[in-house]
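> quick one: sequence and predicted model below, then my questions.
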Amino acid sequence: MPFAPLHLVFLFLLFLLPASGADLPSQQEIQKIFSDLGEITRFTPRKPAPLEKMTRKEFRSYLDERLKKAVKPKDLEADELTMKWLGLVPGDFNLRETTVDLLTEQAAAFYDYRKKKLVFVENPLGEFSPTLLAHELAHALADQHFRIGRFMDQGARTDDSLLAHQAVIEGQASWLMNEWELRKDQRGSLLTNGDLLPQWSSFQDSSYSSFPVLQKAPLYMKVSLLFPYWEGSRFQQAVLAKKGVEGFREVFTKPPSTTQQILHPEAYLEGRKADTPELPKVKKKGWKSISRGTLGELDHLVIFRMQEHPEAEELASAWRGAAYEVKRHQKACCMLIYRSRWKDESSAEKALSAWKKHSALKSLRGTLEVRQEGRDVIAIESIHE
């Protein structure tokens, strides 16, 4: 995902849920849920998790401050420009403003892994439920055993693997939240009946209807925000079905490396890795790289969905690796260099056609040179200096 720094800033948020309780829980209630999660995962809670509450105004100030500290203005500008040149957002999109607006509207709670505390955000739908608390305590439990800040900072090597790692963290917490509630209500267990897991989708429009900011956001932003929770929990379910309770630990000690492995857990269980296609050399003076990274299966799925491709899921699943670079010239902006690899030449041919269509629909675009070389699609798009 191109805006990787923002994933590090805004980790471990839980979106708004229907309320069931009138007050924040007592320390006794917190410790009981913490112990329950320890029994499910076999991770023993090592120390209490402190809890505090923020108003939504305080939360917005917190987000603003975190963004200022974590992401330099030039990096934020480069991320925004990259997203526009990749055609993931419209030309008038403001990355900083939209991200803060989205999270201020959506967030109900978060785990601050730097200060090791849980924070509930004032909820316009009501007060906070024990189920929500279970999600945040799952983060605290994972942090005590695997140091989730380091898991993200050091373990994720590419844009795509960064989101895959986030899906491990949020997916496990979402899974445990559902499992804890099922056991509390004596309605069964996901360990014996995976059909009990809610089947939400990151592309499901009905999940946006209650939130106007999310409803208006570009598809790419919606999916990026929801993917770690919905697809991440299904990934955790699949690993547990294969590995048993050891799967709680294995997703951290042997984490997935791509969003393809999250979308298709069999790829993770089989150890299928992505290729790293080398970008073509472009010999033009005066052009300076402002960003480079990977585009995963999820990125391509969004792109194909944006153009309403009839075989979006099937084609995206044929992805085997992709890289991009965006360059800038003092007199012109910009140049996009892209190379993707596909399962076979037939899928590469379809991907070539889809990339041409995508490029034609972008708000920011230049002269496009695109070709197929075997299983690879190569594209160079630029505004001439």
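Sure thing, it's come through.
> quick check, residue 248 in a helix?
Yes: assessed with DSSP: H, G, I helix; E, B strand; the rest coil, residue 248 lies in a helix.
> give me the phi and psi for residue 109.
Backbone geometry at residue 109, expressed as degrees, to the nearest 10, gives phi -160, psi 160.
> okay, and the beta partners of it?
residue 14, residue 120 (DSSP bridges).
> verify the contact between it and residue 138 for me.
No: with contacts counted by CB atoms under 8 Å, residue 109 stays clear of residue 138, the gap being 11.5 Å. To be clear about C-beta, it is placed using only N, CA and C from the backbone, and glycine gets the same treatment.
> so these two - more neighbours on which side?
Neighbour count, other CB atoms under 10 Å: between residue 109 and residue 138, residue 138 has more, with 30 against 25.
> which SSE is the residue lying closest to that one once chain neighbours are set aside in?
Residue nearest to residue 138 in three dimensions, not counting chain neighbours: residue 173, with 3.9 Å by CB to CB, 6 or more residues apart in numbering. Counting by DSSP states H and E, the element that carries residue 173 is helix 159-184.
> how near is the residue with the largest distance to the centre of the chain to residue 249?
Here the chain reaches farthest from its C-alpha mean at residue 285, the gap being 35.9 Å by CA atoms, centre = their mean. Residue 285 sits 52 Å away from residue 249, going by CB to CB, to the nearest Å.
> how about residue 228, nearest residue that isn't a chain neighbour?
Leaving aside its chain neighbours, residue 228 sits nearest to residue 170 (3.8 Å; criterion: CB to CB, 6+ apart).
> which residues are in contact with that neighbour?
Listed by CB atoms under 8 Å, 6 or more residues apart in numbering, the contact set of residue 170 reads 12, 228, 229, 232, 233.
> likewise for residue 280?
For residue 280, the contacting residues are 337, 339, 378, 380, by CB under 8 Å, 6+ apart.
> at 6 Å what do you get?
Counting by CB atoms under 6 Å, 6 or more residues apart in numbering, residue 280 makes contact with residue 378.
> equivalent analysis for the one 10 residues further on, please.
Contact criterion CB under 6 Å, 6+ apart gives 78, 326, 328 as the residues in contact with residue 290.
> again, 8 Å this time
Counting by CB under 8 Å, 6+ apart, residue 290 has contacts 78, 81, 82, 326, 327, 328, 334.
> which of those fall in helices?
The helices, defined by DSSP state H, take in 78, 81, 82 from the contacts of residue 290.
> can you redo the residues you listed as CSV with pLDDT and distance to residue 352?
As requested, the ones in helices among the contacts of residue 290 are exported to CSV (pLDDT from 0 to 100; distance: CB to CB, whole Å):
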residue, pLDDT, distance to residue 352
78, 91, 27
81, 93, 25
82, 94, 22
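> circling back to that earlier point, ok, which pair from the contacts of residue 170 is furthest apart?
12 and 233 (14.6 Å; CB to CB).
> related to what we said a few turns ago, and the helix holding residue 173, which residues are buried?
Using 16 or more other CB atoms under 10 Å as the test for burial, helix 159-184 gives 159-180, 182-183.
> okay, residue 215 and residue 222: tell me how far apart.
Going from residue 215 to residue 222 by CB to CB gives 9 Å.
> with residue 192 instead?
Noted for residue 192: a distance of 33 Å to residue 222, by CB to CB.
> where does the stretch 251-385 of the chain dip in pLDDT?
Scanning the stretch 251-385 of the chain for pLDDT under 70 picks out the ranges 384-385.
> mind listing the strands for it?
Taking DSSP state E, counting those that start in this stretch to define them, one finds strands in the stretch 251-385 of the chain at 287-294, 319-329, 332-342, 367-373, 376-382.
> so what strands line up beside the last one?
Counting by DSSP bridges, the strands paired with strand 376-382 are strand 332-342 (antiparallel), strand 367-373 (antiparallel).
> can you tell me what sits against stretch 33-47?
Here stretch 33-47 has contacts from 25, 31, 48-49, 130, 133-134, 137-138, 140-142, 144-145, 176, 179-180, 183-184, 245, 248-249, using CB under 8 Å, 6+ apart.
> residue 152: neighbouring residues, count only.
Residues near residue 152, counting by other CB under 10 Å, number 19.
> my guess is it is in a strand, correct?
No: looking at residue 152 with three-state DSSP, it is helix, so not inside a strand.
> that one contacts residue 164, correct?
No: contact criterion CB under 8 Å: residue 152 and residue 164 do not qualify, at 10.7 Å.
> ok, residue 73 - contacts?
Contact analysis of residue 73 by CB under 8 Å, 6+ apart lists nothing.
> higher neighbour count, residue 215 and residue 222?
residue 222 (22 against 13).
> is it true that the more buried one touches residue 201?
No: taking contacts as CB under 8 Å, residue 222 lies outside contact range of residue 201: 10.9 Å.
> assign the closest residue to residue 182 other than its chain neighbours to helix, strand or coil.
Among residues not flanking residue 182 along the chain, residue 188 sits closest, at 5.6 Å (CB to CB, 6+ apart). Secondary structure, three-state DSSP: residue 188 is coil.
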